[in-house]
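A.B. asks: Please work out how this folds:
(chains A and B)
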Amino acid sequence: MLGYVIQRLIQAALVMLAMSALVFAGVYAIGNPIDVLISPDATQDIREAAIQHYGLDRPLLEQYLIFLGRLLQGDLGKSFVLNIPVLELVLSRLPATLELALASVFIGAFIGIPLGIYAGYRPHGLLSRGIMAVSVLGFSVPTFWVGLILILTFAVNLDWLPAGDRGPTVEVFGVGWSFLTWEGLQFLALPALNLSLFKLAMMIRLSRAGTREVMLSDTVKFARAAGLSEYTILRRHVLRLISIPLVTVFGLEFGSTLAFAVVTETIFSWPGVGKLIIDSITSLDRPVMVGYLVLVAFLFVTINLVVDLSYALLDPRLRRGGRAA
Amino acid sequence: MSATLGAFWRDYRENWVAVVALLVVFIVVAAALLAPWIAPQDPYDLANLELADARRPPGHVGSGGYVHLLGTDAQGRDLLSAILYGLRISLQMGIAAGAVAMAIGAMLGILAAHAGGTLESAIMRVVDLQLSFPAILLALVLVAVLGQGKVPLIIALVTAQYAYFARTAYGAASAERQKDYVESARATPLPGYRVVFRHILPNCLPPLIVVGTVQVANAIALEATLSFLGLGLPPTEPSLGMLIANGFQYMMNGRTWISVYPGIALIVLIVSINVVGDQLRDQFNPRLRR
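C.D. replies: Residues are numbered from 1 along each chain as shown, chains lettered A, B, ... in the order given. Sure, this is the predicted structure:
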């Protein structure tokens, strides 16, 4: 098991290195940030001083090595526009996004899995067909459109829930959270629902497919022969057997939820990292873009690692093989 | 070939939802192609736009003397015309990006499966790495660094999507590689590219077509999302996403049609393409064959 963990850790580190190089090259190689930083009618001297100040005159490789060296010390540079350290900036926005992403992943799992198991248990029922139609819609309809409709329906026409901004937060460990107050929860409801729709659709599909397969297996036949109730079979046997793919997708989807939060946060003006990246793109604030992407890549690599390791915990065969299927 | 096509169509016909979806796709594509002739107005010609006609509800008779069936937008464009032209752009982007991504992805995937060794693991490492990274972020950053316009947008969409094709082609091609007919073709003095194009590629096409259909829909959705975020095409030629974004601010005070109708057009298009893709997937999947 230890060898497996070490092997995975080395792989993750290599991927991170490659990712940081790609992100750096992609963002720095194209366009000229100096045009954004200083006014176009600045004198040549001021221009050159600024270029030197930001280290933009050095060769690309040297810039990257400096960037990498600072990265290892947790220094992602300062925002060109706001003049605040990038790490600080991203970390101050991260809780809002994490809260939103967690809330939507939970909605996806706790509503999606039961619905999917039901649809797999009674694949031809009317309700199951309805559930599947919802999941097809959830897959196809773009997130931003659902967001607009949610705002139109629940915030404008019905006036049940607020939309826009985050509302009041409660400080715990120096970080503001919305889900601790009733009012905060109301602000969280629509964005979280919006972001969860894709995950909901995916959870429904996966658990339906898994359930259909498991229901035909000997496990279920024997459990029925042993006189267990259908509910017990579903909860104790089916749920457990379909859990491995669900855990993977759950983990991977958490990462892409953070990415898709970009759209949801823009629509609901939720003050998270997604809105930050959009703002930094429009103002060509490269350190923020690079920093954000590196952090997201780091998050992805970590999530993949955790998923692989929890696989090894759930399935003993993988511990010896050294390679996850 | 026509016999297999006929049999294929007979199977397809059994699912009436898929037939309706296919019909809808045809109608939408036809409407988009014929837009310059059937649209009441050329929405890109600024001379046609009257500010007095702006934000009128559906059914309003504008200064042009004809009925705006779906109302007008904030610039006074006839919304029906804007939607028809917007569909044109969305379809163009989706199909162009899908086709290029399919060509590049299929090439890389089959090359990896055919070459094996270091090249195989190098290509597939990169592809897997990219698949684990959300497409939307990649597209977002690319559009940000490449600037606005059709070509940067297509590059961004292709970069975000080729990996799906590469994975699919790789899977299909590695399965084919094991088979005897490929072995015997490789044993002949035929050049490698001929084996790839005549023997491996045709057998990888069905899964690629399925992924292609779905990816065209995804590209359209992604383009709309980017345009909605203000990072897509320039606002002089609004795509569906931008029409929706422009109407967003008027939605709050009850002028819902500016966003809602382009949105409906977008969703009808995406959902029908996906339904067609699902049906194709079921038909190509030998496990579901009776």
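A.B. asks: name the helices or strands packed onto the top helix by length along chain B?
C.D. replies: Counting residues, the longest helix found in chain B (DSSP state H) is helix B:79-115. Secondary-structure packing of helix B:79-115 (3 or more C-beta pairs under 8 Å, 6 or more residues apart in numbering or on different chains; DSSP states H and E): helix B:16-33, helix B:35-38, helix B:117-131, helix B:150-177, helix B:201-228, helix B:240-251, helix B:257-284. Placement of C-beta: from N, CA and C, glycine included.
A.B. asks: Would you mark the buried spots in the fifth one?
C.D. replies: Neighbour counts over helix B:201-228 (16 or more other C-beta atoms under 10 Å in any protein chain shown) mark B:201, B:204, B:206-228 as buried.
A.B. asks: For it, name the packing helices and strands.
C.D. replies: Counting contacts by 3+ C-beta pairs under 8 Å, 6+ apart, helix B:201-228 packs against helix A:143-150, helix B:79-115, helix B:135-146, helix B:150-177, helix B:240-251, helix B:257-284.
A.B. asks: what does the shortest one give?
C.D. replies: Applying 3+ C-beta pairs under 8 Å, 6+ apart, one finds that helix B:35-38 contacts helix B:79-115.
A.B. asks: Between helix B:135-146 and the helix it packs on, find me the angle.
C.D. replies: 100 degrees (axes from the mean of the first three to the mean of the last three C-alpha atoms, to 10 degrees).
A.B. asks: where's B:Ala39 relative to chain A, distance?
C.D. replies: Using C-beta to the nearest C-beta, to the nearest Å, B:Ala39 is found at 23 Å from chain A.
A.B. asks: residues from the stretch 101-250 of chain A in reach of chain B?
C.D. replies: Applying C-beta under 8 Å from any C-beta of the partner chain, one finds that the stretch 101-250 of chain A approaches chain B through A:136-137, A:139-145, A:148-149, A:151-152, A:156.
A.B. asks: could these go into CSV alongside neighbour count and pLDDT?
C.D. replies: Below are those laid out as CSV (neighbours: other C-beta atoms under 10 Å in any protein chain shown; pLDDT from 0 to 100):
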residue, neighbour count, pLDDT
A:Val136, 17, 80
A:Leu137, 15, 80
A:Phe139, 21, 78
A:Ser140, 22, 79
A:Val141, 21, 83
A:Pro142, 25, 84
A:Thr143, 22, 82
A:Phe144, 25, 84
A:Trp145, 27, 84
A:Leu148, 23, 83
A:Ile149, 18, 83
A:Ile151, 23, 80
A:Leu152, 19, 79
A:Val156, 14, 71
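A.B. asks: quick one: which of those is nearest to B:Thr236?
C.D. replies: Each of those was checked against B:Thr236 using C-beta to C-beta; the closest is A:Phe144, at 21.5 Å.
A.B. asks: so the closest one touches A:Ile267, yeah?
C.D. replies: Yes: at 5.9 Å, A:Phe144 counts as touching A:Ile267 under the criterion of C-beta atoms under 8 Å.
A.B. asks: Around whichever residue of chain A sits closest to chain B, how many other residues sit close by?
C.D. replies: Chain B sits closest to A:Ala259 of chain A, with a gap of 3.5 Å, by C-beta to the nearest C-beta. By the measure other C-beta atoms under 10 Å in any protein chain shown, the count of residues near A:Ala259 is 21.
A.B. asks: residue closest to the middle of chain B?
C.D. replies: B:Val216 (2.2 Å; C-alpha atoms, centre = their mean).
A.B. asks: Return the distance of that residue relative to B:Ala106.
C.D. replies: As judged by C-beta to C-beta, to the nearest Å, B:Val216 and B:Ala106 stand 15 Å apart.
A.B. asks: Same check on B:Asn15?
C.D. replies: Distance, B:Asn15 to B:Ala106, by C-beta to C-beta: 27 Å.
A.B. asks: circling back to that earlier point, how about the nearest residue to the residue of chain A closest to chain B, chain neighbours excluded?
C.D. replies: With sequence-adjacent residues excluded and distances taken as C-beta to C-beta, 6 or more residues apart in numbering or on different chains, A:Ala259 is closest to B:Pro134, at 3.5 Å.
A.B. asks: Let me know the pLDDT of the one you found.
C.D. replies: Note on B:Pro134: pLDDT of 76.
A.B. asks: Return the residues in contact with it.
C.D. replies: For B:Pro134, the contacting residues are A:255-256, A:259-260, by C-beta atoms under 8 Å, 6 or more residues apart in numbering or on different chains.
A.B. asks: wait, isn't A:Ser207 in contact with A:Val247?
C.D. replies: No: the criterion here is C-beta under 8 Å, and A:Ser207 misses it with A:Val247 at 11.9 Å.
A.B. asks: which of the two has more neighbours?
C.D. replies: Taking neighbours as other C-beta under 10 Å, A:Ser207 and A:Val247 compare with A:Ser207 leading, 27 against 16.
A.B. asks: For that one, give me its contacts.
C.D. replies: Applying C-beta under 8 Å, 6+ apart, we find A:Ser207 in contact with A:112-113, A:115-117, A:120, A:242, A:246.
A.B. asks: That one: helix or strand, and which one exactly?
C.D. replies: Under the criterion of DSSP states H and E, A:Ser207 resides in helix A:182-215.
A.B. asks: low pLDDT regions in the stretch 51-200 of chain B?
C.D. replies: B:51-71, B:74, B:76 (pLDDT under 70).
A.B. asks: Mind doing that once more with 80?
C.D. replies: B:51-79, B:116-117, B:125-126, B:128-135, B:137-138, B:140-149, B:177-179, B:182-183, B:185-187, B:190-199 (pLDDT under 80).
A.B. asks: closest point of it to chain A, which residue?
C.D. replies: B:Pro134 (3.5 Å).
A.B. asks: helices and strands around the one helix or strand the residue of chain A closest to chain B maps to, which ones?
C.D. replies: Assigned by DSSP H and E, A:Ala259 falls within helix A:243-267. If you count contacts as 3+ C-beta pairs under 8 Å, 6+ apart, helix A:243-267 packs onto helix A:86-121, helix A:143-150, helix A:182-215, helix A:273-282, helix A:286-314, helix B:135-146.
A.B. asks: Swap in 6 Å and give it another go.
C.D. replies: helix A:86-121, helix A:143-150, helix A:182-215, helix A:273-282, helix A:286-314 (3 or more C-beta pairs under 6 Å, 6 or more residues apart in numbering or on different chains; DSSP states H and E).
A.B. asks: Please list the residues outside the second one that contact it.
C.D. replies: Meaning helix A:143-150. A:190, A:194, A:197, A:260, A:263, A:267, B:225, B:228, B:263 (C-beta atoms under 6 Å, 6 or more residues apart in numbering or on different chains).
A.B. asks: Output that helix as PDB - backbone C-alpha positions only.
C.D. replies: Provided in PDB are the C-alpha atoms of helix A:143-150 (Å, rounded to 0.1, in the frame of the first residue of the first chain):
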ATOM      1  CA  THR A 143     -26.000  26.100 -17.100                       C
ATOM      2  CA  PHE A 144     -26.400  29.800 -17.800                       C
ATOM      3  CA  TRP A 145     -29.800  29.400 -19.300                       C
ATOM      4  CA  VAL A 146     -31.100  27.400 -16.300                       C
ATOM      5  CA  GLY A 147     -29.700  30.100 -14.100                       C
ATOM      6  CA  LEU A 148     -31.700  32.800 -16.000                       C
ATOM      7  CA  ILE A 149     -34.900  30.700 -15.800                       C
ATOM      8  CA  LEU A 150     -34.400  30.100 -12.100                       C
END
